[in-house]
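Novice: dropping the sequence and predicted coords here.
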Amino acid sequence: MIFSRPVFPPNALTLRGRLLLPACGAILALAATSCNQQNTYAPPPPAKVGVAAPVQKPVINYLLATGNANAINSGNLVARVAGFVSAINYKDGDFAKTGTSLFTIEPQPYQLALESSQASLASADANYAQQLSNYKRQATLQTKDFASQATLEQATASRDAAQAGVNQSKVAVEQAQLNLGYTDVKAPFDGVVTARQVSLGDFVGNGTATVLATIVQLDPIYVDFNVSETDVLNIRSNMKRNGVTLADLRKVPVEIGLQNEDGYPHKGTLSYIAPSLTANTGTLAVRAELDNPGNAILPGYFVRVRVPLASRGDSLLVPDTAIGSDQGGRYVLLVGKDNVVEQRKVEIGQLDGDMRVITSGLDPTDKVVVDGILRAVPGQKVDPQDAGKPAGQDASTKASQP
C-alpha cells in the first residue's frame, strides 16, 4: 500500500503560521521575565508568650497526709444473764443517750432470786443478833465465875459464824441485784445503735455472752494517720529549735477534708502521738480528735489531713500550670537575654490555691512563661507579653495537694 503526504494549499500554511507566532512570542517573553526574578525566604515573627514574675508572699508550711476516721467508742451490747428477750426498746439506727434502756431480758426470775437473797439476809441478821446476845450474856457470867471459859469461847465462835453468815447474805443480795440490773441492757454512752441481732422471744445468754446489737459514738470522732520518718525528724528538730514541748504539740490544730470536699473544712486537734515508729513501715502513728456535728464523718471514711507546721517568709510561687516535668524532674520556662527561652530546673513545694511554691531554682526577677507555653521552645526567640498577675495569685488557699 502506498501512503501519500497530505497536500495543503500554500495559503493554508501561511495562515497557520500567522496564528502560532503571537502565542510563541508571549511564552518566550514570560520565560524571560521569570528568569530575571529570585525567590527569597521571609522568616515568621517570634511567637508571642505571656510572662510574669514569681509571686512573693508568706505561705504556711503544711504536713499533708491521708488517714481514716474511727469511732471514739464502739461496743457490742451483750446479754450478761440468761433469759428470754421480753422487750426491744429502740428502732434500728436510733440515737441513744447514755443510760437509755435498749433491751429487756425477762426480769422475773432474777427479781425472785433477789427477794430470796434478801430473805436469807434477814434470817442471817436475826441469827447474828441472837448469837451476839448470847455472847454478851456468857461474857457477863464468865466475869462472875458463873460460866466456864469453854462456854464463853463457844458463844464467841457462834457470834463470829453468825457475822460471817450476814456478810455472805449481803454478797448474795448484791449479786442478785446485779443480775436483775443486767436484765435491762442500757446504752453505755451516747451513740447510734445498729440493727438488732435478736428478736423478741429469743433465749439469750445461755452460757455465752450473746451480742444483741452494737452502739457507735460518732461525735466527736477520731482520725488516724501516719507520719513518715523524715517528717518526724524534721518536726522534732523544729520542736527543739523553737522550744515546743510534747504537750504543746497535742494542741496543734488539724484540718480534715473528705474526698468530695474542697479544702479542709473540718477542724480538730492532735490527741495522740505514738511513742515509737512502726518498724515495718517506718512511720509514726498519730491521731486527731474533732467534733463531728451532723455525723458528717463516719467511721471508716478515707480522709485528707493537713497539719500546719510553720509559716515560711516570702515564698516564690508560680501557677501550677506553668510547671513542666521530664526525666530530669520539674522545670519552668523562662524568657532570658535577647528574649530567648530557657528551661530551668526547679524544686517544688506545696500548692497554695492554684499556685505552686518553688523551693529552689527560681529568682524573684525571673520572667516565667505563664501563657502560650506550647509556643515557647527552649533556645528560640519569643515576643514576651506582660501577663500581669498570674492567675490565682489572690485566690484563697484551697486544698493543698502534694
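Specialist: Arrived safely, thanks for sending.

Novice: run the chain-centre distance for the helix or strand that contains Ser86.
Specialist: Element membership of Ser86 [criterion: DSSP states H and E] is strand 83-88. Here strand 83-88 is found 41 Å from its chain centre; the criterion is C-alpha atoms, centre = their mean, to the nearest Å.

Novice: next, the contact list for Ser375, please.
Specialist: For the record, residue 375 is Arg, not Ser. By C-beta atoms under 8 Å, 6 or more residues apart in numbering, the contact list for Arg375 reads 47-49, 382. All C-beta spots, glycine's among them, are computed from the backbone N, C-alpha and C.

Novice: next, format the residues you listed as a markdown table and append secondary structure, pLDDT and distance to Ser123.
Specialist: Output for the contacts of Arg375, formatted as a markdown table (DSSP: H, G, I helix; E, B strand; the rest coil; pLDDT from 0 to 100; distance: C-beta to C-beta, whole Å):
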| residue | secondary structure | pLDDT | distance to Ser123 |
| --- | --- | --- | --- |
| Ala47 | strand | 91 | 108 |
| Lys48 | strand | 92 | 107 |
| Val49 | strand | 93 | 103 |
| Val382 | strand | 93 | 107 |
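
Novice: ok, so of the residues you listed, who is nearest Ser271?
Specialist: Ser271 lies nearest to Val49 out of those, by C-beta to C-beta, at 50.8 Å.

Novice: quick one: contacts for the closest one?
Specialist: Contacts of Val49 by C-beta under 8 Å, 6+ apart are 335, 341, 369, 371-373, 375-376, 382-385.

Novice: quickly list what it is bridged to.
Specialist: When assigned by DSSP bridges, Val49 has beta-bridge partners Pro384.

Novice: same thing with Lys267?
Specialist: Going by DSSP bridges, Lys267 forms beta bridges with Glu255.

Novice: neighbours around it, how many?
Specialist: 12 (other C-beta atoms under 10 Å).

Novice: and it, what is it in contact with?
Specialist: 253-256, 290-291.

Novice: please apply the same query to Asn292.
Specialist: Contacts of Asn292 (C-beta under 8 Å, 6+ apart): 218-221, 266.

Novice: on that earlier part again, closest to Glu153 out of the contacts of Lys267?
Specialist: Comparing those against Glu153 with C-beta to C-beta places Asp291 closest, at 69.0 Å.

Novice: pLDDT score for the closest one?
Specialist: Looking at Asp291, its pLDDT reads 94.

Novice: what count of nearby residues applies to the closest residue in space to it that isn't next to it in sequence?
Specialist: Once flanking residues are discounted, Asp291 sits nearest to Pro220: 5.2 Å by C-beta to C-beta, 6 or more residues apart in numbering. Applying other C-beta under 10 Å, we find 15 residues neighbouring Pro220.
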